[in-house]
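J.: For reference, the sequence and a predicted model appear below.
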Amino acid sequence: MSFDVQAGETFGVIGESGSGKTTIGRALVSLLKPTAGTMLHDGQNLAALSANQLRKARRAYQIVFQDPSAALNPRQTILDSVCEPLEIQGGLSRIEREARAIEALGRVGIASEYARRYPHMLSGGQKQRVNIARVLTLRPRLIVCDEVVAALDVSIRGDVLNLFAELQRDFGLTYVFITHDLSVVAHVSDRVAVTYLGRFVELGPTEAINEAPLHPYTQALMSAEPVALPSHLRTTQRIVLEGEIPSPIDPPSGCRFRTRCRHAQAECASREPEWRELRPGHFVACHFAKS
């Protein structure tokens with residue numbers, strides 16, 4: 001796949017489990033090294049840097065993980081966890097590190113009296129805010145958000161998403177927002193990429209994809225979104241995908257989605273669909289998609 005993320009935007013990535021979303025996110029922050037191709041940050045290829053150069057460069061590119069509990073060391077206090085990136089970075093005294101950590105915690109809504117507590121003393125939402133604060137201490141430019149609200153109660157998801165919006169406005173951050181939740185993507189993203197089996201099948205402005213998706217897979221995802229209406233009042237019918245997502249080790253020939261697509265024809269098996277721009281900024285990989 002080939003794509004750009006613009007400075008200051010929120011780039012959403014959606015798809016089923018196993019479609020490659022988390023792999024994309026981990027590669028973007030150099031937790032995984034690409035086996036082929038090139039990944040550039042402001043024109044700089046991080047894979048070509050030495051270990052010392054990479055440590056300095058990657059401070060600007062951080063990630064917030066899905067499970068807020070697993071991301072925190074249960075034996076460290078909240079303050080120690082938030083200070084840890086600054087200790088690795090070096091250059092600051094302990095007093096300066098703690099001051100910046102307390103400032104970051106306050107910015108995400110965690111009062112200073114929580115700093116000496118341990119992770120098990122906090123709720124899931126509070127722990128995710130701590131993880132966000134830990135990332136902020138390095139003052140990054142891009143943050144990969146990997147299913148950051150998936151493990152949280154529905155009642156507090158909105159608060160965390162609004163926090164991300166505030167931080168983006170105040171610090172000029174760029175987000176790559178990875179999720180399987182269509183409502184989350186619609187709420188936070190400027191553009192959305194739809195992934196299937198390691199490939200983008202559609203990419204475009206969030207509003208355009210929400211209102212008129214072009215790819216059969218995207219249409220099926222949209223139809224599965226819960227609607228708070230009785231069945232007889234719903235205007236759209238659920239598109240049910242048959243079967244499971246194929247193995248990425250041995251993907252289908254041609255179009256990878258053809259084994260589950262209701263519109264599949266012989267051409268879909270023999271030829272891989274081209275990546276076409278059918279509307280301004282709206283791309284799709286499907287032989288039969290129409291603008």
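T.: Structure's in. What do you need?
J.: Every contact and neighbour count from this point should use C-alpha atoms.
T.: OK.
J.: List the buried residues for stretch 61-75?
T.: 61-69, 71-72 (16 or more other C-alpha atoms under 10 Å).
J.: Kindly apply the preceding question to stretch 238-258 instead.
T.: For stretch 238-258, the neighbour count (16+ other C-alpha under 10 Å) marks 241, 245-246, 252, 255-258 as buried.
J.: And that stretch, how far out from the chain middle?
T.: Computed by C-alpha atoms, centre = their mean, to the nearest Å, the chain-centroid distance of stretch 238-258 equals 22 Å.
J.: now what about it, what contacts it?
T.: Residues outside stretch 238-258 that contact it (C-alpha atoms under 8 Å, 6 or more residues apart in numbering) are 18, 196-198, 217, 219-220, 223-224, 259-261, 264, 267-273, 286.
J.: Same check on stretch 181-190?
T.: Here stretch 181-190 makes contact (C-alpha under 8 Å, 6+ apart) with 9-14, 161, 165, 177, 179, 192, 205-207, 210, 222, 225.
J.: Restricting to C-alpha, output it in CSV.
T.: Extracted in CSV, the C-alpha atoms of stretch 181-190 (Å, rounded to 0.1, in the frame of the first residue of the first chain):
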residue,chain,number,x,y,z
ASP,A,181,-15.5,1.2,15.0
LEU,A,182,-17.1,3.2,12.2
SER,A,183,-18.6,5.7,14.6
VAL,A,184,-15.2,6.5,16.0
VAL,A,185,-13.8,7.1,12.6
ALA,A,186,-16.6,9.3,11.6
HIS,A,187,-16.2,11.4,14.7
VAL,A,188,-12.5,12.0,14.6
SER,A,189,-11.1,11.5,11.1
ASP,A,190,-10.5,13.8,8.1
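J.: Show the contacting residues for residue 74.
T.: Here residue 74 is in contact with 118-120 (C-alpha under 8 Å, 6+ apart).
J.: Any chance of a PyMOL selection covering the buried ones in the residues you listed?
T.: PyMOL command restricting the contacts of residue 74 to the buried ones, with burial defined by 16+ other C-alpha under 10 Å:
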select buried, resi 118+119
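J.: need the helices for the stretch 151-291 of the chain, in chain order.
T.: In the stretch 151-291 of the chain, the segments counted as helices under DSSP state H, counting those that start in this stretch are 154-171, 182-188, 206-211, 216-223, 266-270.
J.: can you list those in JSON lines and add mean pLDDT, distance to residue 110 and mean neighbour count?
T.: As requested, these are exported to JSON lines (pLDDT from 0 to 100; distance: least, C-alpha to C-alpha, whole Å; neighbours: other C-alpha atoms under 10 Å):
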{"stretch": "helix 154-171", "mean pLDDT": "89", "distance to residue 110": "12", "mean neighbour count": "14"}
{"stretch": "helix 182-188", "mean pLDDT": "85", "distance to residue 110": "22", "mean neighbour count": "18"}
{"stretch": "helix 206-211", "mean pLDDT": "91", "distance to residue 110": "32", "mean neighbour count": "16"}
{"stretch": "helix 216-223", "mean pLDDT": "88", "distance to residue 110": "36", "mean neighbour count": "20"}
{"stretch": "helix 266-270", "mean pLDDT": "93", "distance to residue 110": "52", "mean neighbour count": "14"}
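J.: which one of these lies closest to residue 30?
T.: helix 154-171 (22.0 Å; C-alpha to C-alpha).
J.: which helices and strands sit right next to the closest one?
T.: Using 3 or more C-alpha pairs under 8 Å, 6 or more residues apart in numbering; DSSP states H and E, the elements in contact with helix 154-171 are helix 124-136.
J.: So which bits of the helix it packs on are buried?
T.: Buried residues in helix 124-136 (16+ other C-alpha under 10 Å): 124-136.
J.: Tell me how many other residues surround the nearest residue to residue 56 once chain neighbours are set aside.
T.: Distance criterion C-alpha to C-alpha, 6 or more residues apart in numbering; nearest residue to residue 56, sequence neighbours excluded, is residue 89 at 7.7 Å. Using other C-alpha atoms under 10 Å, residue 89 has 12 other residues around it.
J.: Let's see the pLDDT reported for residue 89.
T.: For residue 89, the pLDDT comes out at 87.
J.: do you know how far it is from residue 29?
T.: 16 Å (C-alpha to C-alpha, to the nearest Å).
J.: same deal with residue 63?
T.: 7 Å.
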